[in-house]
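> Predicted model and sequence below, questions to follow.
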Amino acid sequence: MAFTRSGGILLHPTSLPGPHGIGDLGTSARRWLDFLAEAGQTIWQILPLGPTGYGDSPYQSFSAFAGNPYLISLSALVEEGLLPPEALGGLPVFPDDRVDFGSVIPFKLAVLERSYQYFEQRASREQHARFADFCEAQASWLEDFALFMACKEAHDGRPWNEWEPEIRARRPEALASWRERLQHDIAKQRYWQWLFFEQWGAVKRHAEACGIKIIGDIPIFVAYDSADTWANPELFYLDAEGNPTVIAGVPPDYFSATGQRWGNPIYRWKVMAETGYAWWIARIRAVLAQVDIVRIDHFRGFEAYWEIPASEPTAVKGRWVRGPGQGFFDAVKQALGELPIIAEDLGVITPGVEALRDDNGLPGMKVLQFAFAADAADPYLPHNYPKTCAVYTGTHDNDTTLGWYEKAPASEQDFVRRYLARDGSDIVWDMMRLAFASVAEIAVVPLQDVLRLGSEHRMNTPGTASGNWQWRFKWLHLEYWLAPVLREMAETYGRIPLDKPVDTAYRQSATNTVVEDE
């Protein structure tokens, strides 16, 4: 589909300021949207919103459909009469520049547990009705997810393949028994999801009022330890005990001699095709109810994916297997119409992947940090861009632009300066202007680059298991001059309608071989 020329900022909600150790969906999210509007930005890009699992990564979620309860605003619950004010008294002292997941998670879950008890005792008839309506509307995924999380809690957080054989295999009598035993915990999980979607809905409506579109994220693969895999084992390559027989990753390359062994289970695409890709269509429909545009992570896997035997310790001994291809996109378009999708097509991409992207009119991604290692023919250099693409200075997986430039070889730094015709004294904003000035329909920069921050502020370092996803900013970082200068950039490069009024709400509030799938 055609995209309007636009620009914006990448920031996950966990990075928002706030008093409870992690960004949330309350006043900070709305204040952030007000800032974007005043700054002339029409895009807010986020990471996946699902409940995080291994490594606190939003790309390792317990569900492709559920929301992350850690993002629920506790202050908003007090305002809505769903939590007594004293529940937020005597708070732990949390760092304000990073998320300490080890202390935030138990604190937040304990307060949310209290909120559920308060809801049961004190909620109005209208609140109970809204909750019941939500449970009915979302039952297709919510019931399995709530039971999965309740069982996981009952098993001290162990993955589902370590549960008793009967519930692991979802035998009807076991499902009935566990639902009876865990009624409270199942209801609690449903309630937390209602809170998340109520609050996210309010954020989404505020974004619409500000004229801002939200770009969400769909990882192509799901986590093994998830309600998706447990509830739909027939859709994945699993053995009789529920363990994966093959897993996803990428082969060895310049960056890693052993490749990347992600560990996600691999879809039985032919089984999915027999249902008209019903699970995937439901997944995309659910995400598009939350956001306006979706970025599909590892888009190339729809054309071919790297399959690794689960017994292998690295990604070396794998093979390319053909993905669902055009048939998948035909089914999705037939069910949902033309889709606002950005294809994450970074890395080594084959002509087949390019054809699948282009035949469906999907913008690919261009990252400026990748552009200066070769010569003028590099496809990541703006003079080589097609109009149908989205350009980034860097992504959540990259170093900050300042950190990247400081570590780049001297020859690469020299190429950057010559290309920009600048002396390198303000390399980050020069790169931002390069992105906004390009022909790319969409231009997005991480907030870390807007703030000219170094490597210590990056969001994620791929291949590392700890210390990621923690970064947060402070309101004092958004100095008084920042919004007008960003707005000038958006106007100069045609990424905002010139007649769009300035929204001052923020300022006021701030005072290779491919085989067929078998």
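Now that the structure is in, tell me what you want to look at. Numbers count the residues shown, from 1 in each chain.
> could you pull out the strands for this protein?
For the chain, the strands defined by DSSP state E cover 6-10, 43-45, 213-219, 246-250, 260-265, 293-297, 304-309, 319-322, 341-343, 364-367, 389-392, 442-446, 514-515.
> among the ones you listed, which is nearest Pro172?
Pro172 lies closest to strand 260-265 among the strands of the chain, at 23.4 Å (C-beta to C-beta). The C-beta positions use only the backbone N, C-alpha and C, and glycine is treated the same way.
> Show the average pLDDT along the closest one.
Taken as a whole, strand 260-265 has a mean pLDDT of 94.
> And stretch 408-418, by the same measure?
The average pLDDT within stretch 408-418 is 98.
> same question, stretch 69-79
Mean per-residue pLDDT for stretch 69-79: 98.
> same question, stretch 363-372
So the average pLDDT for stretch 363-372 ends up being 98.
> With only the CA atoms kept, save that stretch in PDB.
This file holds the C-alpha atoms of stretch 363-372, laid out as PDB (Å, rounded to 0.1, in the frame of the first residue of the first chain):
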ATOM      1  CA  PRO A 363       8.700  -1.000   1.900                       C
ATOM      2  CA  GLY A 364      12.000  -2.500   3.000                       C
ATOM      3  CA  MET A 365      14.400  -1.000   5.600                       C
ATOM      4  CA  LYS A 366      17.500   1.100   5.100                       C
ATOM      5  CA  VAL A 367      19.900   1.700   7.900                       C
ATOM      6  CA  LEU A 368      22.300   4.500   7.500                       C
ATOM      7  CA  GLN A 369      24.900   2.900   9.900                       C
ATOM      8  CA  PHE A 370      25.300   0.200   7.300                       C
ATOM      9  CA  ALA A 371      25.900   2.600   4.400                       C
ATOM     10  CA  PHE A 372      29.500   3.700   4.600                       C
END
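> gap between that stretch and the chain center?
19 Å (C-alpha atoms, centre = their mean, to the nearest Å).
> just stretch 279-291 next, same as before
On C-alpha atoms, centre = their mean, the centre of stretch 279-291 falls 13 Å from the chain's centre.
> Go through it and flag the buried ones.
Neighbour counts over stretch 279-291 (16 or more other C-beta atoms under 10 Å) mark 279-281, 283-284, 286-288, 290-291 as buried.
> Tell me the one of the residues you listed nearest Asn232?
Trp279 (6.4 Å).
> Next, the distance between the ends of stretch 52-63.
9 Å (C-alpha to C-alpha, to the nearest Å).
> roughly how far is that stretch from the heart of the chain?
The answer for stretch 52-63 is 10 Å, by C-alpha atoms, centre = their mean.
> and if you look at stretch 244-251?
A distance of 21 Å separates the centroid of the chain from that of stretch 244-251, by C-alpha atoms, centre = their mean.
> got a list of contacts for it?
Contacts to stretch 244-251, defined as C-beta atoms under 8 Å, 6 or more residues apart in numbering, come from residues 221, 224, 236-239, 259-266, 301, 305-310, 315-316, 318, 347.
> and with 7 Å instead?
221, 224, 236-239, 259-266, 305-310, 315, 318 (C-beta atoms under 7 Å, 6 or more residues apart in numbering).
> Next: stretch 271-280.
With C-beta under 7 Å, 6+ apart, stretch 271-280 has contacts from 232, 234-235, 324, 327-328, 331-332.
> For it, what does the pLDDT average out to?
98.
> which one of the strands of the chain lies closest to Ser411?
strand 364-367 (19.0 Å).
> helices or strands up against the closest one?
strand 389-392 (3 or more C-beta pairs under 7 Å, 6 or more residues apart in numbering; DSSP states H and E).
> Quick one: distance of the strand it packs on to the chain centre.
The answer for strand 389-392 is 17 Å, by C-alpha atoms, centre = their mean.
> Mind listing what's buried along that strand?
Neighbour counts over strand 389-392 (16+ other C-beta under 10 Å) mark 389-392 as buried.
> Repeat that for stretch 415-435.
Neighbour-count burial for stretch 415-435 flags 415-417, 419-420, 422, 427-435 (criterion: 16+ other C-beta under 10 Å).
> now swap in stretch 380-391 and tell me
For stretch 380-391, a neighbour-count test (16+ other C-beta under 10 Å) marks 380-382, 385, 388-391 as buried.
> what's the most distant pair in those residues?
Leu381 and Thr388 (16.7 Å).
> Give the ChimeraX command for selecting the buried subset of the contacts of stretch 244-251.
Buried subset of those, written as a ChimeraX selection, criterion 16+ other C-beta under 10 Å:
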select :221,224,236,237,238,259,260,261,262,263,264,265,266,305,306,307,308,310,315,318
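> Buried ones in stretch 458-469, by neighbour count?
So stretch 458-469, judged by 16+ other C-beta under 10 Å, has buried residues 458-460, 468-469.
> now swap in stretch 50-66 and tell me
50-53, 55-66.
> what's the average pLDDT for that stretch?
In the prediction, stretch 50-66 has an average pLDDT of 95.
> Mind listing residues that contact that stretch?
12, 47-48, 67-69, 101, 141, 145, 149, 193, 219, 222-223, 225-228, 283, 286, 465-466, 468-469.
> Among those, the buried ones, what's the ChimeraX command?
Buried subset of the contacts of stretch 50-66, written as a ChimeraX selection, criterion 16+ other C-beta under 10 Å:
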select :12,47,48,67,68,69,101,141,145,149,193,219,222,223,225,226,227,228,283,286,468,469
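> Inside helices: which ones of the contacts of stretch 50-66?
101, 141, 145, 149, 193, 227-228, 283, 286 (DSSP state H).
> Could you dump the residues you listed into TSV and include distance to Phe107?
Converted to TSV, the ones in helices among the contacts of stretch 50-66 look like this (distance: C-beta to C-beta, whole Å):
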residue	distance to Phe107
Phe101	11
Trp141	27
Phe145	23
Met149	18
Gln193	20
Ala227	24
Asp228	28
Arg283	31
Ala286	29
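> Which of those sits closest to Leu25?
Ranked by distance to Leu25 (C-beta to C-beta), the ones in helices among the contacts of stretch 50-66 are led by Gln193 at 13.0 Å.
> contacting residues around the closest one?
Contacts of Gln193 by C-beta under 7 Å, 6+ apart are 66-67, 142.
> Apply 10 Å and report the result again.
Shown in contact with Gln193 (C-beta atoms under 10 Å, 6 or more residues apart in numbering): 51, 63, 65-67, 69, 72, 131, 134-135, 138, 141-142, 145-146, 149.
> So what's the residue count around Arg268?
Arg268 sits with 18 neighbouring residues when counted by other C-beta atoms under 10 Å.
> ok so, going back, please tabulate the buried residues of stretch 279-291 in a markdown table, including the columns distance to Leu36.
Below are those laid out as a markdown table (distance: C-beta to C-beta, whole Å):
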| residue | distance to Leu36 |
| --- | --- |
| Trp279 | 34 |
| Trp280 | 31 |
| Ile281 | 31 |
| Arg283 | 27 |
| Ile284 | 25 |
| Ala286 | 25 |
| Val287 | 21 |
| Leu288 | 21 |
| Gln290 | 18 |
| Val291 | 15 |
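> Now flag whichever of the residues you listed is closest to Ala443.
Distances from Ala443 to these, taken by C-beta to C-beta, are shortest for Val291, at 18.0 Å.
> Quick check: the gap between the closest one and Ile43.
From Val291 over to Ile43 the distance is 11 Å, taken as C-beta to C-beta, to the nearest Å.
> Could you pull out the residues contacting both of those two?
With C-beta under 10 Å, 6+ apart as the test, Val291 and Ile43 both reach 207, 213-215.
> who wins for neighbours among those?
Most surrounded of the shared contacts of Val291 and Ile43: other C-beta under 10 Å gives Ala207, at 23 neighbours.
> Provide a list of residues in contact with the nearest residue to Val291 once chain neighbours are set aside.
Counting by C-beta to C-beta, 6 or more residues apart in numbering, the nearest residue to Val291 once its immediate chain neighbours are dropped is Gly216, at 3.3 Å. Contact analysis of Gly216 by C-beta under 10 Å, 6+ apart lists 44-49, 287-288, 290-295, 340, 342.
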